[in-house]
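1. I would like the atomic coordinates for the input below:
(2 chains)
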Amino acid sequence: MTVVIREQDLEALVVGVTLLGSGGGGDTGAFGRMLRRRLGAGELVLRDASDVPGALVSPIGVVGATSVLMEKLPSGGEFDTAVRAVSRWAGADVTGLMSLEAGGLNGLTPLIAALDLGLPVVDADLMGRAMPRLDQFSWAVAGRSLTPCALSDPSGQVIVVDNVDAGGLERAVRSFVAHTGGWAVLALAPTPVDAAVADAVQGSLTRALALGRAHAGLEPGATPAALADGLGGRLLASGRVEEVARHLIADGGAAFGRGSVCVVDSSSRAVIRIETENEYLLALVDGSPVVTTPDLLCVLDRRTLQPIAVDAIRTGDEVLVVALPGPAWWRRGDRITRVGPEAFGLACEPQLLEAS
Amino acid sequence: MKGLPPSLAAMLTSPGWRGVVVLGGDADRRLTGSVVVMEVSVHPERMDGQLLVVLLAEDHTDWRIDALISRASAAGAGAVLLAGVEPLGRGAQLLAERLHLPVLGSPDPLAAHEHLRRVTTEPEVVRSDLVLRAVSALRRANGDLESVLRTTASVLERPVTLAGADGGTLAGEPLEAEDRAALVGTLPRVPVGWAAPYRVDLPGGAVLIAVAVLGVGPVCWLVARLPAVVPAEVAAVPEVLSVVAPAVGERLALRRLELERDARQRTSLLGELLHGEPSEATRRRAVEVGWQLDGWHTGIRIGADGQVDVAGRRADVVEAFDAEGLRAVVVEQGDGWSAWITAVSEPTATAVQEQAAAIRRVQRRLVQTVDAYVGVGRVQPGPSGIATSLAEAGDASGLARGRAETGRFLHVDRLGLAQLLLAWTRTDTFQPAAQALLAPIKGQPGDLVTTLAVYLDTESSVAETAAVLGIHRNTAAARITKIQHLLGVDLTNPDERLALHLASRTTPAE
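-> Next up is the predicted model:
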């Protein structure tokens, strides 16, 4: 099944990938506008793997501190540079693109790259949502190597990394972006499309579009439960943010901003606590864990229904906390340990919504 | 489990829980026991109102604290106690309030656990431990009463008071006024020997435990104040006080012995001073006890009606003088006290008046506990001045005793003079007093002393006076005017006239 994206679908797509970001994944606004400019009155086809038999696809996206994107603006040539570098190293041309992570701005970056480079986009990605680490790519979890890969920064600098595992690549990427512009475009090796999508989450952008459309159809005046229903999720709370606590923890050399958000439900007075890193990770209702990664936790502004990111939430916000089912790909015992709460240092069994 | 378990609020006042603070949740519970666990990740079983003590809780803002509060509440815990006293996160606080589960913190959770466990399951161990500690601490405590009370207070970690039958503090921490009233209302006037300890429940939830101290002198009570009822402690404290009470009684007896010895010494020394010019040895002894013999002395005699423990109450008298800023030497004498105040130089008339007013305030302080009457002598110089002024004071007090209209207070000064003169005519001190009174007109031209005597004898008739003395009537009138002027008295005032009349009678005319 192929999905065609036109100008009028963009707003829904942007909201959809933001919801898949579960509070993280970076600010989608800038790339949403960039995509609108590139797309113009044209159209973009989200292809199924079977539509492009024999294609060599490269998962592509932005890594590093996505918050720096607004200060260190893209030059426009990063995608081309990275794709050409990885093609040259691998000795095979990239003939298709897919996303590294569907949640957040990386749900949009391969679309921009595809328009720029004139390549088809396959609707598959390595996360199905947003997550912070490279070892949480489905390829890495399934045992597929992430290298060779190429990184390019906005000034044109390129490095190619090969012969290293996901942890080593993580360190290489972090030291590269730390010493250049804070972020870089990462393009993985061109891979036969069948193999590429076999170990990937499929249909995430289609889901994002559907979610975005459902979101657009919501009535802001509806009851919180009805709003959650409309998104196909479960309402955890509707109330005021009582406290937002943030602190840094040193985690294997990389400092993640750990924090927590406390919301009191205005009708039941239940106390909802959400543990955060880059994303909303774990929700406790009255002290009992009820939803954890890889399911999605979305915090929406009660009035505008716009998703609120982890780094934007503030004490006093009136919010809805809604849990959405995470990508089905992760719902397997051997996979879930890599993305469940334990993977974030939260000593808790994964708590997932009933598969819908 | 023996008896009613202690409430959380009471435990928080308990000495063994000194470091424990409330971090969240406000409900008061009864704590039936204590269960200790290592980490916050535990899943407690049925808690039945017991305290859940967590030994390792590094980060009080961690989400696992929230999860633990939830599980502890579901398991029926009475409260949760975490290691450390850092504040909880907002979420955990809200949760503790919502679930009505108090969350406590302590720098030493194991000690808090152990204390609660013993209090709830082994009250007899708490009791014997306290008694043993009291006994061994008392053995080390050096002599005096204060140190015995301090030691007891530090063993109990509660204020301990030695109170009189009226609730007044004899030693140790003073009782609050309302506590005192409640105590006096409960205690019997005359305690039975080795009577059971008394327990007084105060309105605020605090408890007074009182044990009678029987010994020489009036009965007094050893009182400990517990701010709240922890049953094990309420059971243990009377035992400790009963052990301490004989020791306190012994200290009181020793103190009494010392008091009496000192009193005897002072009284005999004063006796020597009152018998004429003091000898070299007497002077030396006076210096040794800190009496200043030189200077200007004001004698004060304080008499007391009824049965008064003169030696025992001396401290009260000294205290009353101190409170009014008077540095007085106080000596037990007969049924009261003799005291004197020494000034380096002769005080002015105003200073004397002020001093008299201060002494009057001293009397008012004493009247609250002693039925006292007070006489004050005139200022007299030198070592013999003590005896003189005290003699005046003694006479004055004798008069003061029967004169309720002056507040049973008499100062040998101009105003009380007349009455004093009456008394003085029977004493050796009268003569010098009379001479002092007439001193201003002595040696004046015109024999004013004789003129005054005649004038008063003739019922204030100038004509008669002139006739008796053989002088002109105008001369007599002029002399009378001069006498009034020199003495500064008004001869129409009957009191003053009487005083002068008596004085002129005893003073031999030149």
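2. domain assignment for the chain?
-> Just so you know, I chose chain A. When chain A is parsed with automatic domain parsing, its domains come out as A:3-205, A:223-344.
3. not what I meant, chain B
-> With domains defined by automatic domain parsing, chain B comprises B:8-121, B:124-254, B:277-413, B:435-506.
4. Give me the mean pLDDT for the first one.
-> In this model, domain B:8-121 has an average pLDDT of 90.
5. From one end of it to the other, what's the distance?
-> With C-alpha to C-alpha, to the nearest Å as the measure, domain B:8-121 spans 16 Å from end to end.
6. touching chain A at all, it?
-> Yes. Domain B:8-121 lies within reach of chain A by C-beta under 8 Å from any C-beta of the partner chain, at B:41, B:61, B:63-64, B:66-71, B:73, B:89-91, B:94-95, B:98-99. From N, CA and C alone the C-beta is placed, and that goes for glycine too.
7. residue contacts, the residue nearest to residue A:75 when sequence neighbours are not counted?
-> Leaving aside its chain neighbours, residue A:75 sits nearest to residue A:154 (4.8 Å; criterion: C-beta to C-beta, 6 or more residues apart in numbering or on different chains). Residues near residue A:154 by C-beta atoms under 8 Å, 6 or more residues apart in numbering or on different chains: A:72, A:73, A:74, A:75, A:78, A:181, A:183.
8. roughly how far apart are the last one and residue B:358?
-> Put plainly, it is residue A:183. According to C-beta to C-beta, to the nearest Å, residue A:183 and residue B:358 sit 88 Å apart.
9. give me the element residue 88 is part of.
-> Unless you meant another one, I'm taking chain A. helix A:78-90 (DSSP states H and E).
10. Check residue A:284 too.
-> Secondary-structure assignment from DSSP H and E places residue A:284 in strand A:280-285.
11. in its sheet, what does the helix or strand following that strand sit against?
-> Heading C-terminal from strand A:280-285, the first helix or strand you meet, by DSSP H and E, is strand A:288-292. The pairing partners recorded for strand A:288-292 under DSSP bridges are strand A:280-285 (antiparallel).
12. Average pLDDT for the strand it pairs with, rounded please.
-> Rounded to a whole number, the mean pLDDT of strand A:280-285 is 94.
13. near chain B, which residues of chain A?
-> By C-beta under 8 Å from any C-beta, the part of chain A that sits against chain B consists of A:242-243, A:245, A:260, A:262, A:264, A:269-271, A:273, A:275, A:282, A:284, A:286-289, A:346-348.
14. From those residues, list just the buried residues.
-> Buried subset of those (neighbour count, 16 or more other C-beta atoms under 10 Å in any protein chain shown): A:242-243, A:245, A:260, A:262, A:264, A:270-271, A:273, A:275, A:282, A:284, A:286-287, A:289, A:346, A:348.
15. Do you know the pLDDT at residue A:275?
-> Value for residue A:275, per-residue pLDDT: 93.
16. Angles on the backbone of it, please.
-> Backbone torsions for residue A:275, taken as degrees, to the nearest 10, come to phi -90, psi 140.
17. quick one, what contacts it?
-> Per C-beta under 8 Å, 6+ apart, neighbours of residue A:275: A:258, A:259, A:260, A:281, A:282, A:283, A:284, A:344, A:346, B:63.
18. and what of residue A:269?
-> Residue A:269 neighbours (C-beta under 8 Å, 6+ apart): residue B:98.
19. returning to what we had before: give the buried subset of the residues of domain B:8-121 next to chain A as a ChimeraX selection command.
-> Per 16+ other C-beta under 10 Å, the buried members of the residues of domain B:8-121 next to chain A correspond to this ChimeraX selection:
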select /B:61,63,64,66,67,68,69,70,71,73,89,90,91,94,95,98,99
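20. Filter the residues of domain B:8-121 next to chain A down to the ones in strands?
-> Using DSSP state E, no member of these sits in strands.
21. Wait, a helix at residue B:355?
-> Yes. Checked against DSSP: H, G, I helix; E, B strand; the rest coil, residue B:355 lies within a helix.
22. Not counting residues beside it along the chain, what's closest to it?
-> Per C-beta to C-beta, 6+ apart, closest to residue B:355 is residue B:298, 6.3 Å.
23. Which positions within the helix or strand hosting residue B:499 qualify as buried?
-> Taking DSSP H and E as the criterion, residue B:499 maps to helix B:494-506. Using 16+ other C-beta under 10 Å as the test for burial, helix B:494-506 gives B:495, B:496, B:497, B:498, B:499, B:500, B:501, B:502, B:503, B:504, B:506.
24. Columns distance to chain A on top of the residues you listed, output as TSV?
-> As requested, these are exported to TSV (distance: C-beta to the nearest C-beta, whole Å):
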residue	distance to chain A
B:495	86
B:496	88
B:497	92
B:498	91
B:499	89
B:500	93
B:501	96
B:502	93
B:503	93
B:504	98
B:506	97
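25. Now flag whichever of those residues is closest to residue A:136.
-> residue B:495 (112.7 Å; C-beta to C-beta).
26. Verify the stated contact: residue B:83 with residue B:111.
-> No. Using C-beta atoms under 8 Å, residue B:83 is not in contact with residue B:111, being 11.1 Å away.
27. quick one, which of those two is more surrounded?
-> residue B:83 (20 against 16; other C-beta atoms under 10 Å in any protein chain shown).
28. Where does that one sit, in terms of helix or strand?
-> Under the criterion of DSSP H and E, residue B:83 resides in strand B:79-83.
29. What residues sit buried inside that strand?
-> Neighbour-count burial for strand B:79-83, counted by 16+ other C-beta under 10 Å, picks out B:79, B:80, B:81, B:82, B:83.
30. Which one of those is nearest to residue B:255?
-> residue B:81 (45.7 Å).
31. looking at the sheet around that closest one, what are its partners?
-> Beta-bridge partners of residue B:81, as defined by DSSP bridges: residue B:53, residue B:104.
32. ok so, going back, so what does the strand holding residue B:83 touch, helix or strand wise?
-> Under the contact criterion of 3 or more C-beta pairs under 8 Å, 6 or more residues apart in numbering or on different chains; DSSP states H and E, strand B:79-83 touches strand B:51-54, helix B:63-74, strand B:103-106, helix B:109-121.
33. what does the third one contact?
-> In this case it means strand B:103-106. Counting by C-beta under 8 Å, 6+ apart, residues outside strand B:103-106 touching it are B:17, B:19-25, B:51, B:60, B:69, B:79-86, B:88, B:92, B:96, B:112.
34. hmm, 7 Å instead?
-> For strand B:103-106, contacts defined as C-beta atoms under 7 Å, 6 or more residues apart in numbering or on different chains pick out B:19-25, B:69, B:79-82, B:84-85, B:88, B:92, B:96, B:112.
35. and among the domains of chain B, the most buried is which?
-> Counting by mean count of other C-beta atoms under 10 Å in any protein chain shown, domain B:8-121 has the highest mean neighbour count of the domains of chain B, with a mean of 20.
36. pretty sure residue A:241 is touching residue A:263, no?
-> Yes. Counting by C-beta atoms under 7 Å, residue A:263 is a contact partner of residue A:241 at 5.4 Å.
37. quick one: which of the two has more around it?
-> Higher neighbour count among residue A:241 and residue A:263: residue A:263, with 30 against 23, using other C-beta under 10 Å.
38. How far off centre is the helix or strand that contains that one?
-> Assessed by DSSP H and E, residue A:263 sits inside strand A:254-265. Mean-position distance between strand A:254-265 and its chain equals 18 Å (C-alpha atoms, centre = their mean, to the nearest Å).
39. that older thread, remind me what the helix holding residue A:88 packs against, helices and strands.
-> With contacts taken as 3 or more C-beta pairs under 7 Å, 6 or more residues apart in numbering or on different chains; DSSP states H and E, helix A:78-90 sits against strand A:56-64, helix A:109-117, strand A:149-152, strand A:158-161, strand A:183-188.
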